[in-house]
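Novice: the sequence isn't on hand, but the structure is:
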C-alpha cells in the first residue's frame, strides 16, 4: 500500500478537521519515512521502547495518539534526537491521531465506553455519558486497578467518561446537568475536586486511552505495542 | 489586636514580595472585616465547612493558603455569593498566604520536611531536597496513605519535595542534578511521568500543604479547621 | 415572584445580547440574594446611600444601570466590602442593565427623548435624533439646569441625543450627516469639542440616564431612589 | 537664529525626556519649515485660526502645547491637509511641547499655580498642591468663569491642581493623602466624581493650560494667539 | 472633472476591496488637493523628481503605485516634509493604487504579461502563469536588461510572473504545481533561492511594475513620468 | 576530542551571548550526534549537497552559519526529513554559529574586510567601515562577479560593509554619518534603494558570508564544502 493511500484511510477514520485548534501541525504525518507500506504498528505514545519494538518488527508506519514533538523545536538533541534517529534511520513513518481520534466515531471515548460496557450513551463536549452496571471494583479491574475516588459515590447509574485529561469544571457541570452520577477521567487537580458537584473517579491517562489504540490495532490486524507507565499504590 | 498590626505580623511571617507574580492581588487581605482582632482560625482552603466552623467559633480572622477568588470576578453569585455572605455578615477578615508562604522560612515546604523528618536539607527552586530515612510505607502513613508511585524506586536516600502541584520537568531535572533519588509532589500528568528521570511519589495536594497551616495554628494558638477532600483507592 | 421569573422579565425588557462586548459578565445578576421577590428598588448607581435606602425599604432586588464591580476583582476590601456586606447580609439581589438598556426599546435614550419631548425620532449608532421645539433654557431646566454649551448654537430644529458619555467624533459626524443641528451628551473632551462640526450641549451623565430608571420604576410600581451627584456652577 | 539653536533652547526649557511615553514622536519638531528663525508665535492648539494668524504675522515658528497629528496618519486629507498646506506653504516650523512642558520647571502647572497665587507648593504625580487664599468665585474669575463644582467644598486651604485632563482616582487619592482639601482639573467623568474623596473643581482644559503658553510668549517676547473654545452655561 | 468623479473612475479600475489588508488607509486619496481636475500625471513612485515634473506640468492629480507614507507618521520632517510641501502648495491630489491594482483586470500583472507577450494565462495567488515564447535574452531586453537568474533554466514554456516582491516559497510551490517552468519576480532572498524548486528570474521591482503605470497613462492620455532607479552591473 | 570540549572551543570563537535575540534556540548544537569527534566539516548552509559531502568525508561535526531549522517545527517531513535522516543516521553533529559569528572578532565581517583588503576599519552596528583601495571591478572579482550597483558611485575611499542581508535604512544612514562613500551588502529592496543617501553595492548573500566559513576551515584544518547558489546575469 502506498503511504498516501494509508493517510487517506486514516483521515477517514479520524478526520483532521475534528481536531482541536491546539493540535494544528501536530497530527497526521509527523515523521515521514518510506512510501511503500506493508507492516503497521500501533501504540499510545512513541516512547523509545515502542519505537524499538516497531523497528524490531520492521514496521513501515507507527500509529500513535500523542505526538512526541509537542513543543515546536529548533534543535534535535537528547532524547528527541535519539527517537528521531531510530525512526528516520528505519525510514519508518510516524502517524498521529489525537483529539480528532478522541471525537471520531469508534474513537477513544467509544472504545472506553465499550470497555466499560456502557449502554444508552449520549455525547457530551469531550466525552460521553452512558448507563453503567459495573461495580466500582469491576471498573477498576478493567482499567488496570487502583483508581482514586474523589468524593462520595452512592449509586452510579449514569457515568460520564472523558478519556485523557478531562476534569474540567465546566465539563463536570455539563455532565451533572445531563444526569450523570459520577465522572471518570484522569489528572485531577485539587481545586477542581474541591468544587466538583459529582463524585470523580480518577484513572491513569494511559488506562483510559490505550484501549482505543489496542482496539484499532485488533481491527486492522496491526501489531499493538503496550507500554504502560509503571504505577503502583503505596498503601 | 488591631487588624493592621495582625497584617504586619503575617507579612513578617510570609513576606508578600516572596510571592510569584501570578499571586498579585490574590494574597494578603482578601476579604475585609472588623478591625479589632481576638480570635483567629486557620485552614488550607476557605471551604463552606471551614467558614461555618470559623463563624461558629466567632473568629475575627480566617487565615488560609488558597484564595477563594482565584479568577477575577465581576459578579458575586452561587457558591461565591454564599461564601462571601458568610464572611462579610460575620465581619470576618480573610487573610491569604500562598506562594509567599511556600517559600518562607518555616513555611509550607519546611513544614512538610519536618513531617517527613528530612535532614541535611538544601533548597531547590520551589521546594527542597533532604535525606530521608523513612520507608515508603511510613512516608505514605504520614501523608494520609495511598500514595501513587510512578516509576521504579530502589533506594531513596535523598528525597526532593515540592508541596502543592510541583511535577514540573525542569524542576525534576534540577532535583536529579542535585542528587535526588525520588521526587515527591502532587497532581502528576501523563507526559511528565513519561519523561521523568526520577521515580515520582504523588500525594494529594492537601496532604502536602495542610501540615504547614496546622503547624502555624499550633504555634500561634489558633484554632485549626481540618477539611481534607474525600479520597480513597478503589483497588 | 421567583427571582428566575424576574430575570426573564428583565431580559425581555433589556435583552442581554443588545449589550456592548465590554459589558460581558457585568450585566444581569451581579449580586445573588434571595429567590422570592416581593419588593424592588431602582436607581442609576448602587451607591452606599442607594443601598441603605433599599435595605431600609426591605427591597429584595435593586435594579441599577451601572455595575459597582466594573474592574474585575480578587479581593473585597474598603468601599466595595462595605457595599457587598450590605447587599449580601440583606440577601438583596443586585440586577444591572447597562448598554443593553441604552439600546432597548423604551430604554435610556427613549426615556431621554420623551423627557425632551422629541418627535419624529430616528436612531443613530448609540442614540437618536429628533425634532426639538424646546428652548435651550427649557432643555436645561428639564435636565437639572446649568448645561454647558460648546460652540455656537443658532437654531436647533433637529437634536441628536446620546445618553451617557457619547461625545465621540465619529458619532457627531454621523449625526451631522443625518441632519442634526446640535448634539447633546455628557463628558466632553477638549479635542472633541475643538473638532466638532456641530454645537454640543453637555449635561451631566446622571441627568441624561436617571430619567430612564425613574420612568422604569414608575411603570413597574417600584421605589426609585434618587441620588444625583452634587454639582453646581461657580459663576 | 538657526532652527537647530531654537530647538536646543526649547529642549532646555522642556526636556523631551520628561515626557510621557505616549508622547513619543509627537513632541518636538512636528512640521519642518525654514531654517532661519526671526519671528515666533505661540498658542495652545494649532487650530486653523491660530495658523492663519501666525501666517499673517509672518512667523517662522509656531510653538504649541497639543500636536495636531495625534493619531498616526497615512493620508493628508480634509482638515489636516488644509492645516499642513498652510504651515508647509509658509515654510513655518511647528514645535510641540506637551507632557514635557507640563512637568518642566516654569511649565504648565507652575504657570497655573502662579495664576492662582498658590504658595507653599509641593509636587504631586502630574501636578502640585499649594496653599490657596482665593475665594471660589475669584478662582473662577481667573479661569474664565463658570467652573463646575462636584461635591461639597467647605474651606479650601490646600488646593491640588493638575492642568489638563487630570481627574484620575489614584491622583485624587494621592492628593488627599498629601493634605489637599479640593482638586482642580478638567474633563470630569461620572464614575470618578462618584468615588472622589475630595470636592472637585472642573475648569475647561483650555483655561488650565493656556496661561502657561501665554506666560511663555510674554517672557520670550513672542506673539501669543488666543483661541479659546466657545463655552457658555445655559442656566 | 470633479475629483469625486475621478475617484469613482479609479475605483472602478482598481476596486479598493481587492487590496491586501496591510494596504488599509494607504491607498486611494493619500494627499487631498483641488477639486477641479484637468491634467493628470502618472508614475510608479512619488519621488521628488516625479512630483517636480508633475508640478511643472501643472497636474491636478498624480496617480502612483506606491504611497510615500507607508509608515504611519506623527511628524512631517525632512524628505517627507519637502514632498508634502510640493504637493500641498500646488494643491495637487495624490492618488494611490497598490495591491488593488496588482489584482485588477488590466492591472499590474496583466500589463507585465502583455509586455512579455504571454499567452494562455491563468491566475495564481498574486500573479499569473502564461506561455512564453521569448528567449531569456529577449525577456531581459524588455525588462531593461541585466536580470539575475537563480538556478538552472532549461526550457521555459510556462512562465510564472509576480510583479513586485513575489519570491515567496508558498507561491513558488503553487506555481510549480500549476506547471510553471520558471518564476519571474523581484527582491530574491538567499534562503528562498536555496529552497526554490523552480529556476527564478530576478528583475528589478521597478521594471516589473512600471509598465502597468505607463500603459495606464497611455490609455488615459495622461502624462507618464519615468524615474527608474539607477542600476548597473559591475561585471 | 569530546563533543563537549568542541562546543566550548566554538563558544570561545563565537560567544552565544553575542547573538541577536531572534537566534535564541537556533544556534549551537542543532542536531546531536556522536560524542567523540575526529573530523570536522564546514560550510555556509546545511544543504543536501553539503551534508552528503560531509557524510562521504566521515565527518563527526558539520559547522555551518545558517540553521536548517529556522521555523520551529512539529513534524519532520519532506526535505527536512531527508536532511535530518542523513545527519542522524550518520550520527553527525550539526553546529550553528550565526549572528554571534557575524559579530565575533575574526568573524564574518572581519573575514569579508580581509577579503576586500580594507584598512583602518571601525565597527558600525552590524558591520564595519574601512578604507578601500580596490576598483569596483576588483571588488566584484573577489566576490564572484556580477555585482549590482544602485545609484551613482564616484570615488569610494571609505566603504561600509555588512555581511548578509544588511540594507537597512537606519544602518545606511549611520554609515553615511560615519563617513562612508558606499555601502556593500546583500538583498536590496526597491524602497530602500530609492531612499538611500549612499550608492549601494549588492552582492549575493553567499559571496559575503562564505569567506568567513572558508577562512575558519583553513585555520582549523577542517574540510570546507563550497556550495554557492547558481547565479548568473542575463544581459
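Specialist: Cool, got the structure. Keep in mind it's a predicted model, so treat the numbers as computed, not measured.

Novice: going forward, measure contacts and count neighbours with C-alpha atoms only.
Specialist: Will do.

Novice: now do the strands in chain A.
Specialist: Per DSSP state E, chain A carries strands over the ranges A:28-31, A:40-42, A:61-64, A:93-96, A:119-124, A:127-131, A:147-150, A:158-161, A:182-186, A:200-203, A:223-224, A:231-234.

Novice: out of those strands, flag the one nearest residue E:149.
Specialist: Closest to residue E:149 of those, according to C-alpha to C-alpha: strand A:28-31, at 34.4 Å.

Novice: now that closest one: average pLDDT?
Specialist: If you average the pLDDT over strand A:28-31, you get 98.

Novice: before we move on, the earlier item: tell me which of the strands of chain A sits most buried.
Specialist: Counting by mean count of other C-alpha atoms under 10 Å in any protein chain shown, strand A:158-161 has the highest mean neighbour count of these, with a mean of 28.

Novice: helices or strands up against it?
Specialist: In this structure, strand A:158-161 makes packing contacts with strand A:127-131, strand A:182-186, judged by 3 or more C-alpha pairs under 8 Å, 6 or more residues apart in numbering or on different chains; DSSP states H and E.

Novice: can you say which of the ones you listed is nearest to chain E?
Specialist: Smallest distance to chain E across those (C-alpha to the nearest C-alpha): 38.1 Å, for strand A:127-131.

Novice: given that closest one, what are its sheet partners and their directions?
Specialist: Strands flanking strand A:127-131 in the sheet, each with its direction: strand A:119-124 (antiparallel), strand A:158-161 (antiparallel) (DSSP bridges).

Novice: with mean pLDDT added, can I get the ones you listed in TSV?
Specialist: TSV is the format used below for these (pLDDT from 0 to 100):
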stretch	mean pLDDT
strand A:119-124	96
strand A:158-161	98
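
Novice: of all these, which lies closest to residue D:61?
Specialist: When the strands paired with strand A:127-131 are compared (using C-alpha to C-alpha), the closest one is strand A:119-124, at 70.9 Å.

Novice: what are the ranges of the helices in chain A?
Specialist: Assigned by DSSP state H, chain A shows helices spanning A:3-13, A:48-56, A:78-89, A:99-103, A:108-115, A:136-142, A:169-177, A:190-195, A:205-220.

Novice: the longest one versus helix A:108-115: what angle between them?
Specialist: Going by axes from the mean of the first three to the mean of the last three C-alpha atoms, to 10 degrees, helix A:205-220 is angled at 90 degrees with respect to helix A:108-115.

Novice: name the helices or strands packed onto helix A:205-220?
Specialist: Judged by 3+ C-alpha pairs under 8 Å, 6+ apart, the packing partners of helix A:205-220 are strand A:40-42, helix A:108-115, strand A:182-186, strand A:223-224.

Novice: so which of those gets nearest residue F:151?
Specialist: With C-alpha to C-alpha as the yardstick, what comes closest out of those is strand A:40-42 (62.4 Å).

Novice: list the contacts of that closest one.
Specialist: Residues outside strand A:40-42 that contact it (C-alpha atoms under 8 Å, 6 or more residues apart in numbering or on different chains): A:54, A:59-64, A:213-214, A:217, A:222-225.

Novice: ok, back up a step: to residue C:118, which of the strands paired with strand A:127-131 lies closest?
Specialist: Taking C-alpha to C-alpha, strand A:119-124 is the member of the strands paired with strand A:127-131 nearest to residue C:118, at 52.7 Å.

Novice: just how off-centre is the closest one within its chain?
Specialist: Relative to its chain's centre, strand A:119-124 lies at 19 Å (C-alpha atoms, centre = their mean, to the nearest Å).

Novice: show me the shaky parts of chain A.
Specialist: Across chain A, nothing is flagged by pLDDT under 70.

Novice: my guess is residue A:207 contacts residue A:141. True?
Specialist: No: Residue A:207 is beyond contact range of residue A:141, at 10.7 Å (criterion: C-alpha atoms under 8 Å).

Novice: between those two, which has more neighbouring residues?
Specialist: Using other C-alpha atoms under 10 Å in any protein chain shown as the criterion, residue A:207 and residue A:141 rank with residue A:207 on top: 21 against 14.

Novice: which one is the more buried one nearest to, not counting chain neighbours?
Specialist: What sits nearest to residue A:207 in space, not counting adjacent residues and going by C-alpha to C-alpha, 6 or more residues apart in numbering or on different chains, is residue A:143, at 5.5 Å.

Novice: backbone dihedrals for that neighbour, please?
Specialist: For residue A:143, the backbone dihedrals (degrees, to the nearest 10) come out as phi -100, psi 20.

Novice: tell me the contacts of it?
Specialist: A:203, A:207-208.

Novice: what bridges to residue A:233?
Specialist: With DSSP bridges as the rule, residue A:233 is bridged to residue B:148.

Novice: could you do residue A:182 as well?
Specialist: residue A:159.

Novice: and residue A:107, how far from residue F:110?
Specialist: Distance, residue A:107 to residue F:110, by C-alpha to C-alpha, to the nearest Å: 60 Å.

Novice: wait, residue A:147
Specialist: Counting by C-alpha to C-alpha, the gap from residue A:147 to residue F:110 is 66 Å.

Novice: do residue A:218 as well
Specialist: Going from residue A:218 to residue F:110 by C-alpha to C-alpha gives 64 Å.

Novice: those two: which is more packed in?
Specialist: residue F:110 (24 against 13).

Novice: which one is that one nearest to, not counting chain neighbours?
Specialist: Residue F:110 sits nearest to residue F:212 (C-alpha to C-alpha, 6+ apart), 7.8 Å away.

Novice: confirm for me that the one you found is in contact with residue F:107.
Specialist: Yes: taking contacts as C-alpha under 8 Å, residue F:212 lies within contact range of residue F:107: 6.4 Å.

Novice: so for those two, which residue has more residues nearby?
Specialist: residue F:212 (27 against 23).

Novice: residue contacts, the residue nearest the centre of chain A?
Specialist: Among the residues of chain A, the one closest to the centroid is residue A:209, at 3.0 Å (C-alpha atoms, centre = their mean). With contact taken as C-alpha under 8 Å, 6+ apart, residue A:209 is in contact with A:44, A:108-109, A:112, A:163-164.

Novice: quick check on those: which are buried?
Specialist: The neighbour count (16 or more other C-alpha atoms under 10 Å in any protein chain shown) marks A:44, A:108-109, A:112, A:163-164 as buried among the contacts of residue A:209.

Novice: closest to chain D out of the residues you listed?
Specialist: Taking C-alpha to the nearest C-alpha as the measure, chain D lies nearest residue A:164 of the buried ones among the contacts of residue A:209, at 47.6 Å.

Novice: which one is that closest one nearest to, not counting chain neighbours?
Specialist: Among residues not flanking residue A:164 along the chain, residue A:205 sits closest, at 5.1 Å (C-alpha to C-alpha, 6+ apart).

Novice: what's near enough to touch the one you found?
Specialist: Going by C-alpha under 8 Å, 6+ apart, residue A:205 touches A:163-165, A:185-187, B:190.

Novice: and these, which is closest to chain F?
Specialist: Once C-alpha to the nearest C-alpha is applied, the member of the contacts of residue A:205 that ends up nearest chain F is residue B:190, at 19.8 Å.

Novice: residues near the closest one, how many?
Specialist: Using other C-alpha under 10 Å, residue B:190 has 17 other residues around it.
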